[in-house]
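1. Any chance you could fold what I've pasted below:
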Amino acid sequence: MAASIERVDNLIVDYHTNSPENDAENEQWTVFSGCSEEDQACAKLFWQSLTLHPPIESRLVSGDIRQRLPVAPPGVQTANYAYKPTEESPKLTAHLAEAHAQTIYEESVRLTKQAIARQENLHILQKRKQERSKKDDIVRRATIQPQITNGDYTQDDVDEAAEALAELDKFDERLENLTK
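-> Predicted coordinates:
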């Protein structure tokens, strides 16, 4: 036992003389020279046991320390004397009530105007829908051809069909422009 303590003491001396604090050029943290593997392991274990751990208070989580502050019991809180409510004058209260009533009135006027504009837009859309249906009826009447039994078409029939198709194309273009 005394021999192993003496060997550890020799290793300690070797560690301090070859430590990076004493020799800036030395890249190794511990040097155990002239020892067996068992002595090196024993010396490393000794130095690891000497490293200081941070105190319990500085750890983030610990079972030994209560993590929360105690909560105050209910109903024991005292009055806050730093805050003193000021009494509002009746003029100020009346002015604030009038201002609130004014904003409510302005909001109702705005909503009424929006409702009227919506009704006007719906009326205009209804008129356009009726106009489109009238135009559709005209196009349908123009595209209905009398049935010719022998299959011979005259030049007047061809011209009339071309005019109806041209009107139909114009109507489709106007319809597309209205929907855009």
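
2. Which strands and helices lie in contact with the helix or strand hosting residue 107?
-> Here residue 107, judged by DSSP states H and E, is contained in helix 90-143. Using 3 or more C-beta pairs under 8 Å, 6 or more residues apart in numbering; DSSP states H and E, the elements in contact with helix 90-143 are helix 155-179. From N, CA and C alone the C-beta is placed, and that goes for glycine too.

3. so the helix it packs on versus helix 90-143, what angle?
-> Calculated by axes from the mean of the first three to the mean of the last three C-alpha atoms, to 10 degrees, helix 155-179 forms an angle of 170 degrees with helix 90-143.

4. For helix 155-179, enumerate the helices and strands it packs against.
-> So helix 155-179, by 3+ C-beta pairs under 8 Å, 6+ apart, packs with helix 90-143.

5. now the helix it packs on, how far from the chain's geometric center?
-> The chain centre lies 35 Å from the centre of helix 90-143; the measure is C-alpha atoms, centre = their mean, to the nearest Å.

6. That one - what's its average pLDDT?
-> Taken as a whole, helix 90-143 has a mean pLDDT of 93.

7. Make residue 1 into 10 and carry on from there
-> Done: numbering now begins at 10, and the last item shifts to helix 99-152.

8. For the residue lying closest to residue 173 once chain neighbours are set aside, list the residues it contacts.
-> Using C-beta to C-beta, 6 or more residues apart in numbering and skipping residues adjacent in sequence, the residue nearest residue 173 is residue 151, 4.0 Å away. Residues near residue 151 by C-beta atoms under 8 Å, 6 or more residues apart in numbering: 169, 172, 173, 176, 177.

9. if we go to 10 Å?
-> 169, 170, 172, 173, 174, 176, 177 (C-beta atoms under 10 Å, 6 or more residues apart in numbering).

10. how near is the second one to residue 163?
-> In this view, residue 170 and residue 163 are 11 Å apart by C-beta to C-beta, to the nearest Å.

11. Of these two, which one has the most company?
-> Using other C-beta atoms under 10 Å, the more surrounded residue of residue 170 and residue 163 is residue 170, with 14 against 9.

12. Look up how far residue 162 lies from that one.
-> Distance from residue 170 to residue 162, by C-beta to C-beta: 8 Å.
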